[in-house]
Each structure stands twice: as structure tokens, then as C-alpha cells.
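Trainee: sharing a model prediction with you, sequence too.
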Amino acid sequence: MSVDHYENFPVASMLCPPALRPAVTAIYHYARTADDLADEGDAPAAQRLADLAAYRADLHAVASGAAPSPRWAAVFGPLAEAIARHALPLPLLEDLLSAFAQDVVQTRYTDRAELLDYCRRSANPVGRLLLHLYGVHDADSLQRSDAICSALQLINFWQDLSVDLPRGRLYLPLDQCAAHGVDEAALFMQHDSVASRALVQSQCQWARALMLGGAPLVHRLPGRAGWELRGVVQGGLRILDKIEALRFETLRQRPRLGTIDGPLIVWRACCMRSRG
């Protein structure tokens, strides 16, 4: 099972210890449902924000031991059990809602720092919640987890340009667009050019560097968790390979992982070596 909206995160896979699968699945359904409230359907922005506010109220209710509203009982029942059993940090769960609400009202990003702040709330909490479940709390591991999760979010952006642009969303930083001489209007027209490909290439290089910076975390996680993370890292890097194979022309086409990529990802995961 994978998270559709940031699909490079595997959820409750066979490598996840059975004792943790209910909590991981509860986190997934919590994040997925909130993301759908922000993104899916044709509700106006005001209604989406109101729904997310009600969703946040249910989060606070179950975190305090109270019952949630009936609307999302299937989400908050399991999440309440996970919070109680594993003491899940409430701020991380709140950060996800903050990012989803931001998606409702913000469709442009000035620079990489602004985009990373979005990743800090939209993607990084997932990694930190999983590390919490595995009992990993040291600062270096958290930092490397953030690098991996931000990289995955960015990779998903560069993979999904052909999907996001028709929806009026531009995640390519505006200062990077200007530096490459790419006009915003041309991007929304999905006009492919040498300059637009160079722009996407530079963003992919940034994401790859982040991913490689976080990759040593795979050697610090215990047992199956480390192996699952190897697959996550290599899956993200494989998407970057596919974008490169398209010569960075993702304004009009979306690369996907297929069954043929599985063995290569597994082989690359097995070849990851610790540098000590």
C-alpha cells in the first residue's frame, strides 16, 4: 500500500513489524483523508478550510481522550488508539494539517526556502512519526529523515508538473524560474523549451543532493525498517532517473515507476553500503 498523494512513501508494507502496522496505517489514513479534503472534489476554498478546521478539532478531541465527531470516526478511532499506545507527537500531526490548508490558498512559491518550509510540514512529519514509532529520536537521524522526506516531496513535484500546472499550481520556485529565463505564463501553457528543461534539471539535482544527504539513515534504523527505507530512497532516486531519461520534459508527461523497476530498486537497495 502506498500514499497516493506523496506516493513514494510505502505504508504498512511487509517489512513493517506487525505490531506497528495499525499505527502506520492510522497515520496514513489520517494524512490521506486530510489531503483529500484540501485537494479533491470541487468544493470552494472556504468550505475546504472549514472542513480542515473541523478535522483539526477532531484531532484535538481524540488527543485529549474525547470522542471525535461521527464524520471521520473511521479515521480518528484508529488514530486515537495509535496516539494512546505510542504517544504520537501532536505537533507533527498538526503540521500536516497546516500544509494541507496552505495548499488551499497558496499556489506559488518564491524560493527554495519557502518551498522547504512547506515540505517541513507536508512531508517531514511522516518520517518523524515513523522514526518515533521505531524509537529513534537523535538529532542527526531526524535531520537525515527530513532530508529524505523533503527530497521525496520535491521529486513528486517535479514528477507531477504535468498534473499540477493544469490545476493552477506551480511548485517550481519563482526565483529559479527567473534565473533560467522561464516565464510563468509559458509554464502554465506547458510550453517545453531548452530553458524549461534546464530549470527542471536544476531542481532535480537539488532533490537528488537532498536524498543522498539523508541516505545514510538507512544504516541506522533497526532491522526491517532500514531495509524499507532503502527502498524508499532508491524509489525516489529511480523517479529522478526516469525524469532524466525524458530529458527533463515533465511539463507535459509524467514518469511512473513500473513493475520492471522493482528488481532494479531492490538490487540498488541491497548495494547501499555504510561509509562508517
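Mentor: Now that the structure is in, tell me what you want to look at.
Trainee: ranges for the helices of this protein?
Mentor: For the chain, the helices defined by DSSP state H cover 21-39, 45-63, 73-86, 90-105, 112-122, 124-133, 139-159, 161-164, 174-179, 184-188, 194-214, 223-245, 261-270.
Trainee: for those helices, give me CSV that also has distance to residue 253 and mean neighbour count.
Mentor: Every residue, glycine included, has its C-beta placed from N, CA and C. What follows is the helices of the chain, written out as CSV (distance: least, C-beta to C-beta, whole Å; neighbours: other C-beta atoms under 10 Å):
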stretch, distance to residue 253, mean neighbour count
helix 21-39, 21, 20
helix 45-63, 29, 16
helix 73-86, 34, 18
helix 90-105, 23, 18
helix 112-122, 22, 17
helix 124-133, 27, 22
helix 139-159, 10, 22
helix 161-164, 6, 18
helix 174-179, 20, 15
helix 184-188, 15, 14
helix 194-214, 12, 19
helix 223-245, 10, 20
helix 261-270, 17, 14
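Trainee: now these as a markdown table including mean pLDDT?
Mentor: Formatted as a markdown table, the helices of the chain follow (pLDDT from 0 to 100):
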| stretch | mean pLDDT |
| --- | --- |
| helix 21-39 | 94 |
| helix 45-63 | 97 |
| helix 73-86 | 97 |
| helix 90-105 | 97 |
| helix 112-122 | 97 |
| helix 124-133 | 95 |
| helix 139-159 | 97 |
| helix 161-164 | 96 |
| helix 174-179 | 98 |
| helix 184-188 | 96 |
| helix 194-214 | 98 |
| helix 223-245 | 93 |
| helix 261-270 | 93 |
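Trainee: using JSON lines, lay out those helices together with distance to residue 255.
Mentor: Shown next, in JSON lines, are the helices of the chain (distance: least, C-beta to C-beta, whole Å):
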{"stretch": "helix 21-39", "distance to residue 255": "21"}
{"stretch": "helix 45-63", "distance to residue 255": "29"}
{"stretch": "helix 73-86", "distance to residue 255": "31"}
{"stretch": "helix 90-105", "distance to residue 255": "23"}
{"stretch": "helix 112-122", "distance to residue 255": "20"}
{"stretch": "helix 124-133", "distance to residue 255": "22"}
{"stretch": "helix 139-159", "distance to residue 255": "6"}
{"stretch": "helix 161-164", "distance to residue 255": "10"}
{"stretch": "helix 174-179", "distance to residue 255": "20"}
{"stretch": "helix 184-188", "distance to residue 255": "18"}
{"stretch": "helix 194-214", "distance to residue 255": "11"}
{"stretch": "helix 223-245", "distance to residue 255": "4"}
{"stretch": "helix 261-270", "distance to residue 255": "10"}
